[in-house]
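> Sequence and computational prediction follow.
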Amino acid sequence: MTILAYDLGASSGRAMLGRLNEGKIEVEELHRFSNDPVQVGDRLHWDILRLLHELKQGLLKAKHRGIKLDSIAIDSWAVDFGFIGSNGELLGNPYHYRDHHTDGVMEQVIEKLSASHIFGRTGIQFLPFNTINQLAALKQADSPLLRDAKHFLMIPDLLRYFLTGEMFNEFSNATTTQLYNPLKGGWDEELIRAIGISPDLFGQVAGPGERVGQLRSAVCEELNIESVPVYAVAEHDTGSAVAAVPALERSFAYLSCGTWSLMGTEIEEPVINELAQQLNFTNEGGAYGTYRLLKNIMGLWILQECRRSWERGGISYTFPELVKLADEAKPFAAFIDPDDPLFLHPGDMPARISEYSVRTGQTAPEDAGAIVRCILESLALKYRYVLELTEQLSGQTFNGLHMVGGGIQNTLLCKWTANAIGKPVWAGPVEGSAIGNMVVQWIASGELADIWEARKVIRESFPVDAYEPEQYEEWDHAYRSFIDKTGIA
């Protein structure tokens with residue numbers, strides 16, 4: 001079988017071919033493209049039609065190479081969505097989760113409904129851009145989108161609809177909205193009504209592995225291709241990344257590392273209790289009825305935004321150049337909490353790091369190397385903090401940490417993470433989300449028996465780099481300073 005996995009991240013997307021050959025997975029990048037948000041006036045949008053165009057380019061490239069596809073699936077980031085009107089057409093351009101229209105809304109929603117009520121019904125971490133807050137913001141603004149909307153579709157749902165004409169809300173992404181009740185196993189109509197939205201917008205929830213349509217005739221005629229089955233997978237890209245963790249033990253900790261860092265463990269039932277709410281952990285759906293007990297960490301977004309700021313100032317660095325500068329900079333000179341609200345929105349990130357340093361009584365890093373070192377060390381130390389909380393909340397002790405995703409190409413971050421947590425880091429595979437997308441397609445078609453056979457095949461198909469902890473005493477001392485300076489504890 002040859003299958004196609006579309007993996008859309010917050011900064012780029014890719015169409016990846018997957019083949020199973022004598023028990024080994026072969027992955028080939030067919031098409032890669034940027035995913036650039038578009039500022040229109042005061043609003044920040046996703047360029048959703050450009051993304052659809054790029055999906056079609058992937059199909060065309062497969063055709064031009066004479067590749068017959070057996071199935072297709074899509075995964076992407078979470079929380080964002082679009083609306084379909086009564087005529088079946090898209091209403092407006094989906095907002096980007098970093099848009100300012102949700103500023104202050106989460107606090108209003110919590111004041112109205114209470115944090116314990118929301119968490120008790122959803123088990124989802126409180127983040128200002130959660131779907132519940134985006135919808136509440138649209139309601140407060142009396143958005144015409146809500147007046148005309150007939151269907152709510154998240155980003156992969158929306159792109160699937162464009163390709164197939166079928167509307168489904170996929171399980172793993174639905175759980176991220178803070179409007180899905182895992183205890184009931186469906187949309188929480190009480191919460192939806194409480195923010196002034198009609199539950200009628202929310203459709204049938206499809207689980208990973210379900211066939212949810214095939215390429216519609218209009219797409220096939222446009223591209224002159226044959227129709228192909230389309231499957232739902234764990235369409236939140238982190239859900240797909242966790243499906244691809246090459247763990248040999250049922251109890252494991254993972255870090256999906258990219259624009260966002262998502263750290264946690266896989267569990268069979270959501271952990272919805274007072275401690276989970278207090279620690280602001282989340283219970284997001286995964287493949288085959290599992291849940292991901294995890295915490296969102298801002299991730300390499302801060303570094304990416306620094307690089308964009310320097311480029312706007314006329315100085316261009318490659319990421320390897322920045323990593324080299326960081327390695328040569330003075331260690332443990334300044335720390336940031338990557339999850340401080342100061343770092344959420346686009347902007348002059350080096351200036352914000354300086355502002356944070358002054359606010360917390362530290363000397364601000366001045367040059368690029370010092371700034372990047374501050375970011376990477378702070379991320380590694382935040383990973384230790386969250387890993388310890390994950391062990392506390394789950395009642396498990398982990399022997400090490402599995403890191404997957406594009407961020408593991410930053411070997412310095414992997415090395416420093418091992419040093420910070422004082423445990424081995426196993427890094428690989430890089431294309432975790434795309435591979436997780438693929439294995440669910442193969443399980444659905446009967447080529448693989450289940451997720452554990454898939455993980456075994458992944459382990460045998462891709463290299464895993466092991467990083468052993470070093471200089472633990474120095475990193476342990478730095479961790480105490482990090483906790484003190486950031487005040488996160």
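That came in fine, so what should we check first? Numbering: from 1, shown residues only.
> List the beta-bridge partners for Leu4.
Leu17, Ile72 (DSSP bridges).
> burial measure for Arg373, as a count.
In terms of burial, Arg373 registers 26 neighbours under the definition other Cβ atoms under 10 Å. All C-beta atoms are positioned from the backbone trio N, CA, C, and that covers glycine.
> Leu179 too?
Neighbours of Leu179 using other Cβ under 10 Å come to 27.
> ok, now Gly314?
The burial count for Gly314: 6, using other Cβ under 10 Å.
> Look at it and give its secondary structure.
For Gly314, the assignment made with DSSP: H, G, I helix; E, B strand; the rest coil gives coil.
> Now do the same contact list for Gly286.
Neighbour list for Gly286: Ser172, Pro208, Ala234, Gly239, Val242, Ala243, Glu266, Arg292 [criterion: Cβ atoms under 8 Å, 6 or more residues apart in numbering].
> 10 Å - rerun?
Residues near Gly286 by Cβ atoms under 10 Å, 6 or more residues apart in numbering: 171-172, 175, 208, 234, 236, 238-243, 266-267, 292-294, 436, 451.
> Could you pull up the contacting residues of the nearest residue to Leu303 once chain neighbours are set aside?
Spatial nearest neighbour of Leu303, excluding adjacent residues (Cβ to Cβ, 6 or more residues apart in numbering): Ile375 at 5.2 Å. Contact partners of Ile375, counting by Cβ under 10 Å, 6+ apart, are 298-303, 306, 322, 326, 335-336, 338, 343, 349, 353, 365, 413.
> ok, now Asn410?
Per Cβ under 10 Å, 6+ apart, neighbours of Asn410: 257, 300, 303, 319-320, 322-323, 326, 376, 379, 416-417, 427.
> Just give me the closest of these to His96.
For those, the residue nearest His96 by Cβ to Cβ is Leu300; the value is 17.5 Å.
> which stretch of helix or strand covers the residue nearest to Leu303?
helix 368-394 (DSSP states H and E).
> And Cys220, its phi and psi?
Dihedral pair for Cys220: phi -60, psi -40, per degrees, to the nearest 10.
> typed the wrong thing, it's Glu26
Per degrees, to the nearest 10, the backbone of Glu26 is at phi -110, psi 130.
> Ile84 too?
phi -110, psi 130.
> Isn't it up against Arg160?
No: with contact defined as Cβ atoms under 10 Å, Ile84 does not reach Arg160; the gap is 12.0 Å.
> Name the secondary structure element that contains Glu166.
Glu166 is part of no helix or strand, with elements assigned from DSSP H and E.
> so where do the strands sit in the stretch 101-250 of the chain?
149-154, 169-170, 180-181, 186-187, 205-206, 211-214, 229-231 (DSSP state E, counting those that start in this stretch).
> closest to Gly369 out of those?
strand 149-154 (39.3 Å).
> Okay, buried residues for the closest one please.
Of the residues in strand 149-154, Ala149, Lys150, His151, Phe152, Leu153, Met154 count as buried by neighbour count, 16 or more other Cβ atoms under 10 Å.
> Same question for stretch 21-29.
Buried residues in stretch 21-29 (16+ other Cβ under 10 Å): Ile25, Val27.
> Kindly provide the whole-number mean pLDDT of it.
Stretch 21-29 comes out with an average pLDDT of 96.
> just how off-centre is that stretch within its chain?
For stretch 21-29, the separation from the chain centroid amounts to 24 Å (computed by Cα atoms, centre = their mean, to the nearest Å).
> mind saving the C-alpha coords of it as CSV?
Presented in CSV, the C-alpha positions along stretch 21-29 are these (Å, rounded to 0.1, in the frame of the first residue of the first chain):
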residue,chain,number,x,y,z
ASN,A,21,7.8,-2.8,2.9
GLU,A,22,8.7,-6.1,4.5
GLY,A,23,7.7,-4.9,7.9
LYS,A,24,9.5,-1.6,7.6
ILE,A,25,8.0,1.9,7.1
GLU,A,26,9.4,3.9,4.3
VAL,A,27,8.5,7.6,4.3
GLU,A,28,9.1,10.1,1.5
GLU,A,29,8.4,13.8,1.5
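> what's that stretch in contact with?
Outside stretch 21-29, the residues that reach it (Cβ under 10 Å, 6+ apart) are 2, 5, 14-20, 67, 244, 429-431, 434-435, 438-439, 442, 448, 453-454, 456-458, 460-462.
> Restricted to helices, list those.
If you go by DSSP state H, the contacts of stretch 21-29 have Ala434, Ile435, Met438, Val439, Trp442, Glu453, Ala454, Lys456, Val457, Ile458, Glu460, Ser461 in helices.
> All set, thanks.
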